[in-house]
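Asker: Next comes the sequence, and after it the predicted model I'd like to discuss.
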Amino acid sequence: MKKVTTSTLLDMKKNGQKITALTAYDASFAKLFDEQGVDVLLIGDSLGMVLLGEDDTLTVTIEDIAYHTRAVKRGTQRAFVVADMPFMSYATPEQTYTNAATLMAAGASMVKLEGGDWLAETIKGLNQRGVPVCAHLGLTPQSVHVFGGFKVQGRDDLQAEQLLEQAQTLAKAGAQMLVLECVPSSLAQKITQAVDIPVIGIGAGVACDGQILVMHDMFGISANYMPKFSKNYLQQSGDMRQAVVDFITEVREGVFPGEQHSFN
Ligand SMILES: Nc1nc(=O)c2c([nH]1)NC[C@@H]1CN(c3ccc(C(=O)N[C@@H](CCC(=O)O)C(=O)O)cc3)CN21
Ligand SMILES: CC(C)C(=O)C(=O)O
Ligand SMILES: [Mg+2]
């Protein structure tokens, strides 16, 4: 079985094959997702919310992500493993490199950072040092207190234009993947067409190159709430493996996300 790499994901975009992604935090679920054929597993800082019951992601530490990355890596054979850099773990270049090294040593093949233009130099520096980067734009949950809540981003023309430009800047700086969270579907479509790197959406409509969900939302068991853009795949079959198969099928066929899971 061939491992998924950055070039696999790039080819999938070029060939119009949808990329499937789920968050994972432990070896057992990682193995289950990997065996069903999920392409990307993300050790998300969402673990602060779905594993620990916090109201936001800000309390998560680099040690937390490293611990769960080790577990996910052990359960994974094929999928591409991406780890979130937590809040304030990439504030300075020195911090960024040390912390990215910790996650790569724990088993990540790429790190994900939230933010716009200001990350361009960071992305270049990480690339030069051998660390692939996924950028994350739109509703970046580490900025929840700046936004004043978990709110859809890029609704007005100026903000939409800025998001498009930032996506292009980050891709040019060397980001090899982009997560777009909670933006209007039409904007996500524009961005997906404007950049040559795979764009993975969550609450960003069906036109993205792939889709990611928080695993607890996909199973409909999140402690806090169920975001509108998520879908409970356990409901239909009552079987966890089948739920993952159904998620993969619906993403590949462009059935998920539907209008009811998207913003306009
Ligand atoms: N369980 C879970 N699922 C997630 O998708 C998720 C997390 N946790 N934790 C980290 C971030 C936080 N996220 C969130 C959380 C809430 C909304 C939310 O309530 N959104 C509103 C839209 C509000 C608006 O219209 O502006 C919604 O109705 O879904 C969105 C993203 C996404 N991530
Ligand atoms: C929602 C995804 C993209 C994420 O960043 C996380 O799970 O932390
Ligand atoms: Mg995250």
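Answerer: Okay, I see it. Ligands and ions are numbered 1, 2, ... in the order given.
Asker: going forward, measure contacts between C-alpha atoms and count neighbours the same way
Answerer: Noted.
Asker: Closest residue of the stretch 101-250 of the chain to ligand 3?
Answerer: In the stretch 101-250 of the chain, the residue that lies nearest ligand 3 is Pro141 (6.9 Å; Cα to the ion).
Asker: you'd agree that residue is up against Phe150?
Answerer: Yes. Contact criterion Cα atoms under 8 Å: Pro141 and Phe150 qualify, at 6.9 Å.
Asker: and the two? which has more neighbours close in?
Answerer: Using other Cα atoms under 10 Å as the criterion, Pro141 and Phe150 rank with Pro141 on top: 22 against 17.
Asker: residues contacting that one?
Answerer: 56-57, 150 (Cα atoms under 8 Å, 6 or more residues apart in numbering).
Asker: pLDDT value on it, please?
Answerer: You'll see Pro141 listed with a pLDDT of 98.
Asker: Can you tell me how far it is from Val38?
Answerer: 24 Å (Cα to Cα, to the nearest Å).
Asker: How about Ser185?
Answerer: Ser185 is 23 Å from Val38, by Cα to Cα.
Asker: Who has more neighbours out of these two?
Answerer: Val38 (23 against 20).
Asker: residues near Phe33, how many?
Answerer: Neighbours around Phe33, by other Cα under 10 Å: 28.
Asker: So is the strand or helix carrying it next to ligand 2?
Answerer: Per DSSP states H and E, Phe33 falls inside helix 27-36. No. On the criterion Cα under 6 Å from any ligand atom, helix 27-36 is out of touch with ligand 2, staying 14.0 Å away.
Asker: Buried residues, that helix. List them.
Answerer: Buried residues in helix 27-36, defined by neighbour count with 16 or more other Cα atoms under 10 Å: 27, 29-35.
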